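In: here are the coordinates; sequence isn't available:
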């Protein structure tokens, strides 16, 4: 399960990421809480700031994939983390000084999102250089496990920090955490990276798009995650609203909800860590169906503690599905295309959030906070069933005989 940690460069990478991700999750919680304070609990305002964080993905991610296939990924990641640190300091000083306004948070979210749009495809495709192709699924799963471990710790620390110190010091603490990945990236041994031979032709975005268009096995997980993530992966928004407006709890209780989701997400990431082969399409479809059912039930949780109990399996299914899609995409492409294909996957995975977040925020404010959750669950169920029916109609009875036992194994 932890085989990739034997590789020195990967250990440095994942340790630095763990430190900075704890700070990032602290900032996300503090930011969302501050938005609700400054906007009089407006779900629409929270949806707008979430959209601003993810809108740059639609504009910059494909370009970032081109950078990943053309330039030194390690140096690009150093620049990205340094820029994040500077922005975190600026935002923290604004909050501590008492001069922060809602528009400051909107601008900050857009700037953080712009760097994130460039960094994510580079970081995702960098995993193959750190460990090689054989250990790639394990490295991707452990990176997801690191992300979700930080997702447990960060919101919990943020909840306590906001209650004791206020939101300003939480932003400044996040700025310090970027020293972790910077140190790890600088200490890596470049000679031990598994880099592909330089291409004689420049990496073009159009070449990557044409490559994916010819591959139906890549198109399916991308299309599914684009729709499911748009309406079903907005928990940073929906949990804040549920905690504050439905259960009438404080920041610490909001942090506990986020940590419960992340606890299940961590188990979902580790569940895929032993995987050595490329996940089948039925693993992806089964994961989508499981997530949809659990999220729909979560939307009707009657009490705060019932929601915490349901968030654990929902988080498991959420990351199990995302990891299966990510592994199916990355393990299905050669190294010279991995940056651009990964960038396209991340664009459809996270780039639909600017569309979905305002819709989810509007549902929470004008229909009910609970509808912002169960609508996403029903969407995932419809997508999974539709994709399964279409595939069976195209492949015939032979595919149906494969699908039934595969889904049964996943259910067990």
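Out: Structure's in. What do you need? Computed from a predicted structure; not experimentally measured. Numbers count the residues shown, from 1 in each chain.
In: which ones are touching the residue nearest the centre of the chain?
Out: By C-alpha atoms, centre = their mean, the chain has its centre lying nearest to residue 350, at 7.2 Å. With C-beta atoms under 8 Å, 6 or more residues apart in numbering as the criterion, the residues that contact residue 350 are 54, 57, 120, 229. All C-beta spots, glycine's among them, are computed from the backbone N, C-alpha and C.
In: Among the residues you listed, filter down to the buried ones and hand me the ChimeraX syntax, if you would.
Out: Here is the ChimeraX command that selects the buried residues among these (16 or more other C-beta atoms under 10 Å):
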select :54,57,120,229
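In: tell me the two of the contacts of residue 350 that are most distant?
Out: The most widely separated members of the contacts of residue 350, counting by C-beta to C-beta, are 120 and 229 (13.3 Å).
In: Next one, pLDDT for the residue nearest to the centre of the chain please.
Out: What the model reports for residue 350 is a pLDDT of 75.
In: for the one 5 residues further on, same thing?
Out: Here the pLDDT value assigned to residue 355 is 81.
In: How about residue 300?
Out: According to the prediction, residue 300 has pLDDT 92.
In: On the three-state scheme, it is what?
Out: Using DSSP: H, G, I helix; E, B strand; the rest coil as the criterion, the local structure at residue 300 reads coil.
In: what sits against it?
Out: Neighbouring residues of residue 300 by C-beta under 8 Å, 6+ apart: 370, 374.
In: pretty sure residue 38 is touching residue 101, no?
Out: Yes. A contact is recorded between residue 38 and residue 101 when judged using C-beta atoms under 8 Å, the distance being 7.2 Å.
In: neighbour count winner among those two?
Out: More crowded of residue 38 and residue 101, by other C-beta atoms under 10 Å: residue 38, with 15 against 10.
In: Tell me who's in contact with the more buried one.
Out: Counted by C-beta under 8 Å, 6+ apart, residue 38 has contacts 45, 100, 101, 102, 105.
In: Among these, which pair sits farthest apart?
Out: The largest separation in the contacts of residue 38, counting by C-beta to C-beta, is between 45 and 100 at 14.1 Å.
In: shouldn't residue 66 be in contact with residue 339?
Out: Yes. In terms of C-beta under 8 Å, residue 66 counts as a neighbour of residue 339; the distance is 7.3 Å.
In: the more surrounded of the two?
Out: Applying other C-beta under 10 Å to residue 66 and residue 339 shows that residue 339 carries more neighbours, namely 28 against 21.
In: contacting residues for residue 141?
Out: Taking C-beta under 8 Å, 6+ apart as the definition of contact, the neighbours of residue 141 are 269, 270, 272, 273, 275, 323, 327.
In: Look up the closest residue to residue 157, ignoring the ones flanking it.
Out: Excluding the flanking residues, the one nearest residue 157 by C-beta to C-beta, 6 or more residues apart in numbering is residue 26, at 5.6 Å.
In: That neighbour is in contact with residue 175, isn't it?
Out: No. At 10.7 Å, residue 26 does not count as touching residue 175 under the criterion of C-beta under 8 Å.
In: Check the burial of residue 219 by counting its neighbours.
Out: Residue 219 has 14 neighbours, counted by other C-beta under 10 Å.
In: just to revisit the earlier point, Produce a ChimeraX select command limited to the buried residues of the contacts of residue 38.
Out: Buried residues within those, by 16+ other C-beta under 10 Å, are selected in ChimeraX with:
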select :45,100,105
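In: could I get the contacts of residue 38 as TSV with pLDDT, distance to residue 305 and secondary structure?
Out: Output for the contacts of residue 38, formatted as TSV (pLDDT from 0 to 100; distance: C-beta to C-beta, whole Å; DSSP: H, G, I helix; E, B strand; the rest coil):
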residue	pLDDT	distance to residue 305	secondary structure
45	83	28	helix
100	85	34	coil
101	88	36	coil
102	88	33	helix
105	89	31	helix
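In: Return the member of the contacts of residue 38 nearest to residue 17.
Out: Sorting the contacts of residue 38 by distance to residue 17 puts residue 105 at the head of the list, at 24.9 Å, by C-beta to C-beta.
In: who touches that closest one in this structure?
Out: Contacts of residue 105 (C-beta under 8 Å, 6+ apart): 31, 34, 35, 38, 49, 91.
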